[in-house]
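S.K.: Sequence plus predicted model, see below.
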Amino acid sequence: MPLHVLQRILGHASIETTKGYLHPDHRQLNEAAQLANQFLARPKTRQNRKEPPHRNGPQL
């Protein structure tokens, strides 16, 4: 459920108050860690590099 929806249901003026009720369970933490590991383990390709591609020939 989106946090701002829960905030309205609970009647909180501040989103920070609502955040105090959030507690991720072990399954959610494990899934997030697996996704992060998959992302970090991807080989770097030209498409996901931040440097510009190298070009042959004179630069204008």
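M.R.: Thanks, I have the structure now. Residues are numbered from 1 along each chain as shown.
S.K.: any idea how far H23 is from L29?
M.R.: Distance, H23 to L29, using Cβ to Cβ, to the nearest Å: 10 Å. The way it works is simple: take the backbone N, C-alpha and C, and place the C-beta from them, glycine included.
S.K.: Tell me which other helices or strands the helix of greatest length in the chain touches.
M.R.: In the chain, taking DSSP state H as the definition, the longest helix is helix 26-41. With contacts taken as 3 or more Cβ pairs under 8 Å, 6 or more residues apart in numbering; DSSP states H and E, helix 26-41 sits against no other helix or strand.
S.K.: what about that helix, average pLDDT?
M.R.: Mean pLDDT, helix 26-41: 92.
S.K.: H23 and L29 - which one has more neighbours?
M.R.: Neighbour count, other Cβ atoms under 10 Å: between H23 and L29, L29 has more, with 10 against 6.
S.K.: Against P2, how distant is H12?
M.R.: The gap separating H12 from P2 is 14 Å, by Cβ to Cβ.
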